[in-house]
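Trainee: Sequence and predicted structure are below.
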Amino acid sequence: MTPAQARRIAVEASHALAAAGQGDMVWGHAAVRDPEGRGIWIKAPGWGLEEVRDDRLQLVSYDAEVLHGDGTPHKECHIHLEILQAAPELNCSVHTHAVPAIAFAALDAPLLPISHEGALFAGEDVPRFRGTGGLVSSPELGKSLATALGAAPAALMPKHGLVAAGHTAAAAVMHAVLLERACAVQLQAQAAGPVVIHSDVAEAQAKRTECWPDSQLEAGYRYLVRKTATGAFAAV
């Protein structure tokens, strides 16, 4: 991958998140690892996910300094800097304020494999970052969040939102999308009464392998990208 390709992917991932409905005005972001080891490519503050273009990107160093682009870095750039530093196999991370994720996290209930989306966690509960309900605005909080995420595809940030990561942008974006959808399904079920039917661990593990291989994550991501390209969700 070249830096130009990393920038293109940062734009594409941002648009895909917007197409999935994970935008929150000008807040939330996707970050892509710079292939030359200089830091991350991320949108500049003040732009919505659907508004991201190449000239609205920043290259932010691991010391949180802007090496390319305009303005100061996002206050929460430490989310991505610390997650990607902690796990060299990851190339993209995502942070959004998806409403179903925030609402579900407030219940402090385990995420159950009710649906295909819930099986993403293979029958285990989704991790939760409880270090703060405010902004992750320091390296220390970023490191704590990276520890909470661990090797999981995504984590909830109670009182705040979600974080997701992957070895590709497709995986990171889809992990965020699938966590949001899993939370939404369980919220609907619990609104009607106690959840009594869901996959056991063995079935959830099998469903994760069957439903969410890289090829299916890529297919879902490509659908979101096409959605932006066809004008179904036009970027500015």
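Mentor: Looks like it came in fine.
Trainee: could you dump the biggest helix by length in the chain to PDB, C-alpha only?
Mentor: Longest helix in the chain by number of residues (criterion: DSSP state H): helix 169-192. Provided in PDB are the C-alpha atoms of helix 169-192 (Å, rounded to 0.1, in the frame of the first residue of the first chain):
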ATOM      1  CA  ALA A 169     -10.900  -0.900   6.300                       C
ATOM      2  CA  ALA A 170     -13.700  -3.300   5.300                       C
ATOM      3  CA  ALA A 171     -13.300  -5.300   8.500                       C
ATOM      4  CA  ALA A 172     -13.100  -2.200  10.700                       C
ATOM      5  CA  VAL A 173     -16.200  -0.500   9.200                       C
ATOM      6  CA  MET A 174     -18.200  -3.700   9.100                       C
ATOM      7  CA  HIS A 175     -17.300  -4.600  12.700                       C
ATOM      8  CA  ALA A 176     -18.700  -1.200  13.700                       C
ATOM      9  CA  VAL A 177     -21.800  -1.700  11.600                       C
ATOM     10  CA  LEU A 178     -22.400  -5.200  12.900                       C
ATOM     11  CA  LEU A 179     -22.100  -4.100  16.500                       C
ATOM     12  CA  GLU A 180     -24.600  -1.400  16.000                       C
ATOM     13  CA  ARG A 181     -27.000  -3.800  14.400                       C
ATOM     14  CA  ALA A 182     -26.600  -6.400  17.100                       C
ATOM     15  CA  CYS A 183     -27.300  -3.800  19.700                       C
ATOM     16  CA  ALA A 184     -30.400  -2.600  17.800                       C
ATOM     17  CA  VAL A 185     -31.800  -6.100  17.500                       C
ATOM     18  CA  GLN A 186     -31.300  -6.900  21.200                       C
ATOM     19  CA  LEU A 187     -32.900  -3.500  22.200                       C
ATOM     20  CA  GLN A 188     -36.000  -4.400  20.200                       C
ATOM     21  CA  ALA A 189     -36.200  -7.900  21.700                       C
ATOM     22  CA  GLN A 190     -35.800  -6.700  25.200                       C
ATOM     23  CA  ALA A 191     -38.400  -4.000  24.700                       C
ATOM     24  CA  ALA A 192     -40.900  -6.800  24.200                       C
END
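Trainee: who touches the strand or helix carrying residue 142?
Mentor: Here residue 142, judged by DSSP states H and E, is contained in helix 139-149. The contact list for helix 139-149 (C-beta atoms under 8 Å, 6 or more residues apart in numbering) reads 64, 78-79, 81-83, 85-87, 127-132, 136, 155, 157, 163, 165. Glycine gets a C-beta too; all of them are placed from N, C-alpha and C.
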